[in-house]
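*Asks:* Just to be clear, the model below is a prediction. Sequence and coordinates:
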Number of protein chains: 2
Amino acid sequence: MTAETAIETIQREMTIFARRARASAGRMHPELSLVSYTLLGHLEEKGGCRATDLAAHYALDKSTVSRQVAALERAGLIERRLDPEDHRVQVLHLTEAGEEILAQVTRSRRAAFRERLTGWPEEDLIRFAAYLERYNASPSDADSD
Amino acid sequence: MTAETAIETIQREMTIFARRARASAGRMHPELSLVSYTLLGHLEEKGGCRATDLAAHYALDKSTVSRQVAALERAGLIERRLDPEDHRVQVLHLTEAGEEILAQVTRSRRAAFRERLTGWPEEDLIRFAAYLERYNASPSDADSD
DNA sequence: GCTTCAAGTTGTACTATACAACTAGAACGA
DNA sequence: TCGTTCTAGTTGTATAGTACAACTTGAAGC
């Protein structure tokens, strides 16, 4: 196999994965869409941030984020705290319920991955993980992470 | 790194990729959504098939495929041929225009991948490609390829 | 203090999707 | 052979996610 055919394979397989992820996200985790999951994950990681940060980070329109945030708040998964320094700003935080759901979905997603990866030698898992990190870390046009 | 943290990394990085693919597909290739691209690719690969086959293969509802197919036909990218053996069946084929657009989008997508992968040693590309194939080839609940 | 900038919301429109109801054609069985 | 059941596909309806544009409110800078 040459580098060129390897690149074709990578393109094809990543495309297959993306399509599957999209198709199965709703089915597997009806309680939390892929976007909501990602937003909650970001809030957990950062320990709270503004809607504008989420929009910039994920290359989403601020109106889209606004509605997502409204839905997550309605569901009791996040709460808004007015920034005392700047009253335009609402800092978003996970609620306890949000943390629980996030942890639960993460567990369930991880279990699905673990199942797909059973039988892989540890050495291969580690190399695969490193390749993916390297791939995602490389800069892109529409940088969104 | 242990196998467990490698799995976490794989989950996280694949999720990042899926989100990015979804976000950028529309922006980068406005002429062909990711789903349309996939459907056209399948038609090319198989040399024509039925709408029902597409629905089954990609775990989409037949109504969804029906509308996608209608749009692709309207755009002149595919054509329907009534199966003389079974008049319920319409076999879908790429038109010349469809082949051209498919080739063009494939080139553009491949170029994007190639750019992200510049600087990778050939050996790593080949191993990465093999890992992805192996990952996608493993059976899953909602098997869709 | 105006003007301009920034954060967020709301109105509107479009796409992708699913489910349900339907039509048309095929296949099977008594 | 003729009804029953199955299959392929379309259409009606509803929902989610998304973008763009217009707006509101508050902050910052001359």
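*Replies:* Nice, thanks for sending it over. Numbering: from 1, shown residues only, chains lettered A, B, ... in the order given.
*Asks:* Same question for the lowest-mean-pLDDT helix or strand in chain A: list its buried residues.
*Replies:* Lowest by mean pLDDT, DSSP states H and E among the helices and strands of chain A is helix A:3-28, with a mean of 82. Judged by neighbour count (16 or more other Cβ atoms under 10 Å in any protein chain shown), helix A:3-28 contains these buried residues: A:3, A:6-25, A:28. C-beta: built from backbone N, CA, C; applies to glycine.
*Asks:* Not counting its own residues, what contacts the helix or strand where A:Glu45 lies?
*Replies:* Assessed by DSSP states H and E, A:Glu45 sits inside helix A:34-46. With Cβ atoms under 8 Å, 6 or more residues apart in numbering or on different chains as the test, helix A:34-46 has contacts from A:21-22, A:25-26, A:29, A:32, A:49, A:53-54, A:57-58, A:60, A:65, A:68-69, A:71-72, A:77-78, A:92-94, A:98-99, A:101-102, A:105-106, A:109, B:15, B:18-19, B:22.
*Asks:* Please tell me how far A:Thr106 sits from A:Asn136.
*Replies:* Taking Cβ to Cβ, to the nearest Å as the measure, A:Thr106 falls 18 Å from A:Asn136.
*Asks:* Can you tell me how far the residue nearest to the spatial centre of chain A is from A:His93?
*Replies:* Closest residue to the average C-alpha location of chain A: A:Thr38 at 3.0 Å, with Cα atoms, centre = their mean. Applying Cβ to Cβ, the value for A:Thr38 to A:His93 is 16 Å.
*Asks:* now do A:Glu13
*Replies:* Distance, A:Glu13 to A:His93, using Cβ to Cβ: 38 Å.
*Asks:* what does chain A have sitting close to DNA strand D?
*Replies:* Along chain A, the residues adjacent to DNA strand D under the rule Cβ under 7 Å from any atom of the strand are A:33, A:35-36, A:59-61, A:63-64, A:67-68, A:71, A:85-88.
*Asks:* which residues touch A:Ile7?
*Replies:* A:Ile7 is in contact with B:Arg110, B:Phe113, B:Arg114, B:Leu117, B:Leu125, B:Ala129, counting by Cβ under 8 Å, 6+ apart.
*Asks:* My error: substitute A:Trp120 in the last question.
*Replies:* Contact analysis of A:Trp120 by Cβ under 8 Å, 6+ apart lists A:Phe128, B:Ala3, B:Arg134.
*Asks:* Burial check on the last one, number of neighbours?
*Replies:* To tie it back to what came earlier, the one meant is B:Arg134. Number of residues near B:Arg134 (other Cβ atoms under 10 Å in any protein chain shown) recorded here: 16.
*Asks:* Indicate whether stretch A:39-53 makes contact with DNA strand C.
*Replies:* Yes. Stretch A:39-53 lies within reach of DNA strand C by Cβ under 7 Å from any atom of the strand, at A:Arg50, A:Ala51, A:Thr52, A:Asp53.
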